[in-house]
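In: Here's a sequence, model it:
(chains A and B)
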Amino acid sequence: MIRLYGKVEQSVMDEKILQEAVEEQGPKEEAGQISKEEGISFNAVLQLRLEYKNILKIEHLWEFTSLTKLQLNNNLIQKIEGLANLTNIKWLDLSFNNIEKIEGLETLTKLEDLTFYNNRISCIENMDTLNNLTFFAIGNNCLGQLDNVIYLRRFKNLHTLNLAGNPLAQEANYKLFIAAYLSDLAYLDYRLLNGETKKQAFAKYQYAIEEIRHNELQTLKATEAEQKRQEELQQHKDAFVEYLNGSQLFDSMVAQDPEAQKLNQLPGVADLLLTFKPQLVGLCIQMFESGFAEQKLREAEVKAFLEVLQEAVREKQQRSAQLVSDFEKHRKKRILELKQVEDAAKQEAQVNQYMADIKTLCDSCLLLELQLVDQMEEIIKDFERNITDMIGSFIETVQGLYLFHTIGHSNLYYAPAPLCRDLENHLHEEIKDIAMATLEKVAKNEVEDDLPDDVRALFVDKETIMNAVGASHDSHMLRIDNREDKLVTRINAWIMNLIKKIQDEEVWRNRKCISEIQYFIQHLRNQLEEVLHHE
Amino acid sequence: MEILLEEKEDEGRDTEQKELIHQELLEVEKTVNINITSPEDTPFGWTKPVNLSECPSSYQHNSPQEKQLLVIADNFSSQYSHIFPNRKPLFLCPLNECGVKKFVSTSLRSTMLPYSGLYDWDNCASFVADHLVVQALDPPIEPPRRLISPTLLLQTQTGTCFDISGLLCSLLLGAGYDAYCVTGYAVREMCLLDQSREECPLLVGEVQVKVEGTSAEDERQVRRYAVKPPRELRSNFERAQQDLKQQEARAELLRRQQEAQRLQEELERPPPDPLQGQMLHCWVLVLAGKREIRDHFFIDPLTGKSYALGDKSFLGVEALWNQHNYWVNMQDCCHGCSDMEYNLGDTTMWESVLFTVTEKEEEEEEEEGWSEEPKPFEMPRSWVDTITLSKQDLERRWPGGSRSTQYRKAKLERFAPYLLPDGLVTRLTTYTDLECEEVDVVREWYQNRLDHLEERELQRASSVTVERFSPGCKLKLKTHSYVSLAPGTERRMDFHSKACPDGLLRRAESPGQMEETFDHRDDLLYSRHVFYARSPEGGSEEPGGRPLERVVERFHRDAAKAPREDVAERVFLFAEGSVEVTFHLEDDRIIPVRRSFVKPRVLPDGQRAESWRPGMVTSYQGDPHEDPPKNVYLYEMLTALMEEEEKVALQIKHSETQVREILATREREERNPELRISIYDTARNEKVQRYREDMIRAQEESQKQVKKEIDLLAPFLARLGDPQVLSPQQAERVLEDCLANQRMRMIEQDKILQARYEKETRALQHEQQLYQINQLNMSKEEEERYHAFCSETVFKIGVIKQRQSRHKEITPQKHLALKEKLIRDPRLAPHL
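Out: Here you go, the predicted structure:
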């Protein structure tokens, strides 16, 4: 197993080796001749074989980005490195090397066929990203722990596994263990795992397998639940009403309030808060629901708009394509005719006619494009107006819920609902009253003894208590203001982004189209020139 | 005698009227060109000879009850003619085929035939209409003098509308419908079964289907956004003027069409009928209530079609009857039958011949237990024998297995399956003119064809034939339209693409071109269009195939490839030696990537004469920013295309041979059409029939063998060398031998029994001795076993003794029996 590499001459993977390999393995015969004259670019090579080259270190492979098959077997490689750019690779052969650790394969997610036969690997690891793995050979290595094989359970497509020649393969229950833990495996050490073996294996390891399955299921469920939660939150965020479908606003109000703890100790305040909370939560939920409904409307609007937009573009494309293909039909014949005409004057006339036709084609294509640009501009404006109106009405609705009823018309929507700020003001007044009453009591020394000292300290004079109550109120108001600001800013940013994106795309499309037309016209003219020049 | 006299009287009275009507009828016959079998030719117009003397006695005589009924009917009839002198005499007691007067109701024999195909009224009616030939009434305004029984009708397959209604009504009653025969007046076309003014039912169905197809369309959502159409720079005034002109032109066109239609209708209107409202007809009425029938309706027995009660074809009702009673209509029929009521219990509307009790009254009477009044007279049993119909008749359906019907601008011919050697079942000829002289389209439907041909349509104008095949056709053909079956002519073949390995859907040929369409192919090819070069000698068709000029192949988009690498169309220009490839369009582009290759010249020995040079390819790149493709890439593409070109040429050759093969097969099949016979069809499938016969024969033979007795003399005769004739000495000796042999066997049997007896006795004695010796030190189990053994052995000995005694008894008997048998044996008897 241990290679004596003192005697052989080590080689370095330099450009020369790579170039030679590429040329040798590239196209043959006439094609080879052509490609040699032209030079092969590394990034177009699909397969590369670098075996028996005594390579010590993997280097200079970053340019082979479209490589799908790489054979580095029978070298002196000690470390897997420099493969990060080969993202299209499907087949990697590193057998008969001196590798000790599996690493550096994270980016090779398309890998299907991986061979580490005859190396010095002692642990299967660092392969979490290789989801497409179907064939894995790691025979003749130093794997000692049978439990390590359980790692391979994550590869759902794994079909063939080779582990022969490892210390773990000597263990008595080696085959059954693997058949049990990797139940989807079809071939082990190049032999078919038949149903009988699998049944036996399952019978033997039933409890362990079931436990493992149960655990996996649990994790899966947990991740799914987490994903679902995230998705939901994202949905709420898209509707700009996240954290409004419960008591989160109230909780944050209480949490951020420095004096709340103390004030809550006052008699009657707790009861007040008890009535205040559901009212506030109710308002929040109302807002949440209206936000959701609005989002649905917005989505439908955007969808309808995009559909029409795409249809218009498609229609115009079809018409232009028709123009071009009509022109193309006769082009060849006309050029042939041009070639055959003997008379110079006649030819001149025909050339002029042809040029004129090219011009007409160009003009009609550009006209179509121009018309489309006009149409698009108009429709985008329409859309912008509509969507802005929608947003505006939504913001007004939300602000109507928040604000004190100074904005008259928004009250029309939710007139009976006491609004958030109104609610808070009301609460503030009540607390103030309680505070004043308590102050009087304290002054008269009629207070119950269970009032804690730090609370009692607030009641040294009227100013202190009023300050505390005021600070609490201000803090509450701040939370509400912040939430409102956040919503309005985000929604405005969203709409700006949306419109900008649509406009940018339109501009980009327009430019691309015009450049395409021009390029084509140029191509036609060049061809004509060539024909004339040739003669 | 009475009857004959009556008949003469009738004739005398009718002669004058008859003369008049006969003239009118002749006119009718002139105008309406149809074949009415004249009743003058044969006694009843029967085509088959019928032996009336074989009829059951009920056909030839009247029972006492029937006689009583005839008296009642006579009485009713005379009262009726007294009260309503203006109305026609009632059709009550016509003569039957044996010349005996029978009441009409007793001619109905409610019968259910054992065929599921005749259980529903529509199938039953159409079968009756198909199965029988109508004999017109003579004169058409008088009821027939004879009403033949349904059984005879089925034999002769010829009868008047009265006879046919009787049969249909009998079958419907048997199937559980509330059916009645109706006599009354109808329009001429119905009475004379003249359908030449009606649309053919096969054609009517088609028109309806087409209408349904077009109506279910056009549903568009209203959209919130729409692009404005580009501004049109045209004068509104001019447009308005143009619209005006167009409208006028359209109005003019419409007017002309209407005029033409009116003229057409005028032309088609039938000539006036001199006997309008007098032509007598008989049909069937089905009342609602039974067999889930919701509304009353009429059935015309001659066509088998149903009509609503208010249909204009029926002009009046005289009377109706079923197997229980006869009702005379008391309602006014001046304005057709639309206002008639069919509440038969109401005596102001319907006068019945027999007094009947409604079901309700019957129940009341039953409750009372007995009624003072005498029981009302009940309709006697039908005199008609059971109606039977053979399966063969059911299958042949039409008289002689075929019928031709004339419709408006169409002729429909129907044939029973397996009647014609080519499997034709229906032929519909449509004409362009009313006189049916110019053939438009001939459509033929086939059944049970081995080549799965279902339908053939020949359009006379273009002489195009379209053949349709059912799935399962060996050639995988779906339809085939052609002018002639010679190869190289214009044709179109549709295939079952799933059955063809190459997914071929259609192959259309026209002179110089062939277009193939494919479906569900792995390489996404969907069309291949071949253009042949014009051969210099013009029309010389050698089997090597015509030279190709160019081939255009089109492909669907392959989502797995990038659009600029996914070929959309390739054109092999064989004549020019070049290939043009067009790729699919990218999403937001209007000009596809194109490449055209000039093939390097190839020497006759297959070597290339030229090496690659970049000038061989001209391409339009599409994206100006992209690097031009490498020469290797282009070179490889060219090589691949050249290989493809060879394959395509081969493919085309293959297609051509396939076409020739198909045409040859079709021609062969057409020349000798074979019919498919189901293995369950024991009547027609010869193989199955033969197999069945073989089976029966084999069974019979095996039974015979079992029955054959064992020849006792055989071994002894064999000893003498099986002589043909025995001499007396030989006979004596054979007899002796045979008896001696039996005696020997008997003795042997006796010996065997004796030996068994002795053996058992010895065993018993032995056991007993052992028991005596060991009795004291024996365990309980051993003792039990001993007792069991003893009792068993004693039982065995008893049985053997019995057998011995019986053997002794039987032996002499057996001996005697054998001797007698041998003496009677035909071989020995003459000598003994």
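
In: residues from the stretch 301-450 of chain A in reach of chain B?
Out: A:301, A:304-305, A:307-309, A:312-313, A:317, A:320-321, A:324, A:328, A:365, A:371, A:374-376, A:378-379, A:382-383, A:386 (Cβ under 8 Å from any Cβ of the partner chain). For glycine as for every other residue, the C-beta is placed from the backbone atoms N, C-alpha and C.

In: go again using 7 Å as the cut-off
Out: Contact residues, the stretch 301-450 of chain A versus chain B (Cβ under 7 Å from any Cβ of the partner chain): A:304-305, A:308, A:312, A:317, A:320-321, A:324, A:371, A:375, A:378-379, A:382-383.

In: May I see the ChimeraX selection of the buried members of those residues?
Out: With 16 or more other Cβ atoms under 10 Å in any protein chain shown as the burial test, the buried ones among these are selected in ChimeraX as follows:
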select /A:304,305,308,312,317,320,321,324,371,375,379,383
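
In: now, which of the residues of the stretch 301-450 of chain A next to chain B lie within helices?
Out: A:304-305, A:308, A:312, A:317, A:320-321, A:324, A:371, A:375, A:378-379, A:382-383 (DSSP state H).

In: hmm, back to that, reformat the residues of the stretch 301-450 of chain A next to chain B as JSON lines; add pLDDT and distance to B:Cys169.
Out: Converted to JSON lines, those look like this (pLDDT from 0 to 100; distance: Cβ to Cβ, whole Å):
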{"residue": "A:Ala304", "pLDDT": "88", "distance to B:Cys169": "67"}
{"residue": "A:Phe305", "pLDDT": "89", "distance to B:Cys169": "72"}
{"residue": "A:Val308", "pLDDT": "88", "distance to B:Cys169": "68"}
{"residue": "A:Ala312", "pLDDT": "88", "distance to B:Cys169": "71"}
{"residue": "A:Gln317", "pLDDT": "89", "distance to B:Cys169": "72"}
{"residue": "A:Ser320", "pLDDT": "89", "distance to B:Cys169": "75"}
{"residue": "A:Ala321", "pLDDT": "88", "distance to B:Cys169": "72"}
{"residue": "A:Val324", "pLDDT": "88", "distance to B:Cys169": "76"}
{"residue": "A:Gln371", "pLDDT": "90", "distance to B:Cys169": "77"}
{"residue": "A:Gln375", "pLDDT": "88", "distance to B:Cys169": "75"}
{"residue": "A:Glu378", "pLDDT": "89", "distance to B:Cys169": "77"}
{"residue": "A:Ile379", "pLDDT": "89", "distance to B:Cys169": "74"}
{"residue": "A:Asp382", "pLDDT": "89", "distance to B:Cys169": "75"}
{"residue": "A:Phe383", "pLDDT": "90", "distance to B:Cys169": "75"}
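
In: Can you list the buried residues in stretch A:168-178?
Out: Residues of stretch A:168-178 classed as buried: A:168-169, A:174-178 (neighbour count, 16+ other Cβ under 10 Å).

In: with those residues in mind, which one is nearest to chain B?
Out: Checking the buried residues of stretch A:168-178 against chain B by Cβ to the nearest Cβ gives A:Ile178 as the nearest, at 35.4 Å.

In: Nearest to chain A: which residue in the stretch 401-550 of chain B?
Out: Closest point on the stretch 401-550 of chain B to chain A, by Cβ to the nearest Cβ, is B:Arg550, at 11.8 Å.

In: show me the contacts for that residue.
Out: B:Arg550 makes contacts with B:531, B:571-575, as judged by Cβ atoms under 7 Å, 6 or more residues apart in numbering or on different chains.

In: most surrounded residue in these?
Out: B:Phe572 (26 neighbours; other Cβ atoms under 10 Å in any protein chain shown).

In: right, and out of the contacts of B:Arg550, which lies closest to B:Gly174?
Out: B:Phe531 (68.5 Å; Cβ to Cβ).

In: Go ahead and confirm the closest one touches B:Glu515.
Out: No: between B:Phe531 and B:Glu515 there is no contact under Cβ atoms under 7 Å: 9.6 Å.

In: For the closest residue to B:Glu669 other than its chain neighbours, grab phi and psi.
Out: Closest residue in space to B:Glu669, ignoring its immediate chain neighbours: B:Asp451 at 4.3 Å, by Cβ to Cβ, 6 or more residues apart in numbering or on different chains. In terms of degrees, to the nearest 10, the main-chain angles of B:Asp451 are phi -90, psi 10.
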